Each structure stands twice: as C-alpha cells, then as structure tokens.
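Colleague: Coordinates for the following, if possible.
(one chain, ligands or ions: 1)
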Amino acid sequence: MGTILDGKALAKLKADKLKEKVKILKEKGINPLFCVINIGENPASQVYIRSKGRLAKKIGIEQKLYQLPTNTQESEVAELIKKLNADPSVDGMMIQLPVPEQINITNLMEIIDPSKDVDGLTPANSGRLWQGHHFVEPATPDGIIALIDHYQIDLEGKNVVVIGRSDIVGKPIAALALERNATVTILHSKTQNPEFYLKHADVIISAVGQANLIKADMIKEGAVIVDVGINHVDGHLVGDVDFDDVKNKAGWITPVPGGVGPLTVEFLMEQVVKLARRRNDRK
Ligand SMILES: Nc1nc2c(c(=O)[nH]1)N[C@@H](CN(C=O)c1ccc(C(=O)N[C@@H](CCC(=O)O)C(=O)O)cc1)CN2
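Modeller: All right, here's what the predicted structure looks like:
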C-alpha cells in the first residue's frame, strides 16, 4: 500500500505552532479578526464554517460570521465588503463558496481589499501568485504544497496533472506546482483523451467533485495521488479517487476525510495571521 499523506496530522502540527505565533501577536496587542460571509444555507458550508470557528477559537483568532439569506443581492454583499474594507479592526475576510447563482463572485473579488483577502482570490493577489510574488495564496493549494513538502516529495521535472480548473484550487495549484519546476497539465471537461495524461502523471491532483472518478487502471504505478474532492455518497464522505482501488498502486495517497480538507481550514487561519501581522507592520 502507498504511503498515506496524513493531512489531519500535519494540520494539527501546524495549528499548534500557529497558536504560539498568535499568542506572541496578542502580547503585542494584535488580535486577529477574521470575517466569513456566507450567503444561503448550503449544508456543507455550514459544516465548514463551524469547523473553521472551532479551529479559530483554539488558535486564538476571532471569527465573525455574516450569515446572509439565499436571496441576498450582489450589491448588498458589495456594501458589506466595503464596510469590512473600511473597518480597521478587520484583518481578513472570505466569501464562503459556493454562492447562490445571482451572485457574481468575480465582481465581488474586484471589491475586496487585497490586504484583507484571506482566499487570495482578488485579481491583485491571483496575479501576484502567477508572477511568483506571493502575497497570500488560496488555502487548499497552500495545504497541498505543505503536505507534499512535509513528505519530501520533489516536484521538479515531474508531470503534475491537475483535474479541474477552478480559481480556488485548480488554477492556483497549477501555478504553485509550476513554480516548483513541475511540468503541469490541467484537465477539464473539454479535454480530449484525459486517460493519456493521467497514465503519464507522476502526480495527480483531483479537484472536480466526482465521487470515485479515478480508478487504479487510470494511474501510473507509484504515482502521488492528491484528492481534493469531498463527495457525499450514501451518507459517507468519499473523494474523487476510488481510494480502496487505487491505494495499492499509488506511491502516496491522501485519504478523504483526513487529507486535504483539514489543511484547508488550517491554512485559512495561517492566511488570517499573515494578513494581521502585515497590516500591523505597516502601521
Ligand atoms: N471561500 C472559500 N470557500 C471554500 C473554500 C475555501 O478555501 N475558500 N474551501 C472549501 C470549504 N472549506 C473551507 O472553507 C473546507 C473544506 C474542507 C474541510 C474539511 O475539514 N473537510 C474534512 C471533511 C469535513 C466533513 O465534511 O465532514 C476532510 O476532508 O477531512 C473544511 C473546510 C469550499 N469553499
């Protein structure tokens, strides 16, 4: 069986260190404040927000939730963002994804102050990421790189295949892998012959949200398999990868749950602390 990439354990290790950093910040009078805007009643989002709230509390970060009804208009969210931009006590904010269909998230990203952008999704911060001048990175890709580094997996010269081209995972993880000198391919719904790319991949990062999409016969022996998918099937959580089928052929593999998910929450907290420290350095 391949080595399990234990995201849960790494997230705990990092959270303990972050808690120490926050303690030092608080001694200097810096109290990180993280605002989460959630629009609607998506049940998974409610779970994730509670999980962030628990970790924030443990680390010593104040998390404030702005829960808005499903029929909230984009202009109302824009007003809230402007209010948070102007509030000096706010260190970071994020809009919980997904959002209802009347909300255009790209428009809202134009409004968030990049210095308070926990997700790293504003045009300024995503441009900085692609140019290699990171200000803040989206949490899931950052967590994946931390996991890969922790297990001393070298990406240089490797064929990294990313499945999914979202702004929050697919595109930024491609940028980060490219920065590590990997040869990166992004597969998406219009890709022809995806099997070809998967068969030649040293590393597969799947972020499409399709349960058990990746099977053992699609991958190369010894490949690194990173599963970002979280899918609910018959009351169970499963990833995009058929874990039981793939685990004996993969060299390394993340479980679901307990792989990338806990690192996403941890890295959101890392970003809040980073932003809080920077804002105070500028005072
Ligand atoms: N604006 C954003 N929206 C979303 C992000 C994000 O980074 N920014 N990521 C996800 C949701 N998310 C945090 O917001 C998140 C994802 C996964 C987990 C997690 O701990 N997963 C567990 C399983 C939890 C469960 O469902 O029981 C695991 O994989 O082990 C936490 C938070 C989408 N939206």
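
Colleague: Which helix or strand contains whatever residue of the chain ends up closest to the ligand?
Modeller: Among all residues of the chain, residue 261 sits closest to the ligand, at 2.1 Å; criterion: CB to the nearest ligand atom. From N, CA and C alone the C-beta is placed, and that goes for glycine too. Here residue 261, judged by DSSP states H and E, is contained in helix 260-281.

Colleague: neighbours of residue 16, just the number please.
Modeller: Neighbours of residue 16 under the rule other CB atoms under 10 Å: 11.

Colleague: sec struct for it, please.
Modeller: helix (DSSP: H, G, I helix; E, B strand; the rest coil).

Colleague: can you tell me how far the nearest residue to residue 206 once chain neighbours are set aside sits from residue 169?
Modeller: Leaving aside its chain neighbours, residue 206 sits nearest to residue 240 (4.0 Å; criterion: CB to CB, 6 or more residues apart in numbering). Here the criterion is CB to CB, to the nearest Å. By it, residue 240 lies 11 Å from residue 169.

Colleague: list residues touching both of those two?
Modeller: Counting by CB atoms under 8 Å, 6 or more residues apart in numbering, the residues touching both residue 240 and residue 169 are 207, 228.

Colleague: Now the element after the host helix or strand of residue 47, going C-ward?
Modeller: Residue 47 belongs to helix 43-59 when assigned by DSSP H and E. As assigned by DSSP H and E, the chain's next helix or strand after helix 43-59 is strand 62-68.

Colleague: Mind giving me the packing neighbours of the helix or strand residue 197 falls within?
Modeller: Residue 197 belongs to helix 194-199 when assigned by DSSP H and E. Under the contact definition 3 or more CB pairs under 8 Å, 6 or more residues apart in numbering; DSSP states H and E, helix 194-199 sits against strand 159-163, strand 183-187.

Colleague: List the contacts of the first one.
Modeller: What it means is strand 159-163. Against strand 159-163 from outside (CB under 8 Å, 6+ apart): 170, 173-174, 177, 182-188, 194, 197-198, 200-208, 213-214, 240.

Colleague: which of those count as buried?
Modeller: The neighbour count (16 or more other CB atoms under 10 Å) marks 170, 173-174, 177, 182-187, 194, 197-198, 201-208, 213-214, 240 as buried among the contacts of strand 159-163.

Colleague: Just the C-alpha atoms of stretch 46-58, please, in PDB.
Modeller: C-alpha atoms of stretch 46-58 as PDB (Å, rounded to 0.1, in the frame of the first residue of the first chain):
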ATOM      1  CA  GLN A  46     -22.400  25.200   7.400                       C
ATOM      2  CA  VAL A  47     -20.200  22.300   8.400                       C
ATOM      3  CA  TYR A  48     -17.000  24.000   7.100                       C
ATOM      4  CA  ILE A  49     -17.900  27.300   8.900                       C
ATOM      5  CA  ARG A  50     -18.300  25.500  12.200                       C
ATOM      6  CA  SER A  51     -15.100  23.700  11.700                       C
ATOM      7  CA  LYS A  52     -13.300  27.000  10.900                       C
ATOM      8  CA  GLY A  53     -14.900  28.500  14.000                       C
ATOM      9  CA  ARG A  54     -13.600  25.700  16.200                       C
ATOM     10  CA  LEU A  55     -10.000  26.000  14.900                       C
ATOM     11  CA  ALA A  56     -10.100  29.800  15.100                       C
ATOM     12  CA  LYS A  57     -11.100  29.600  18.700                       C
ATOM     13  CA  LYS A  58      -8.400  27.000  19.500                       C
END
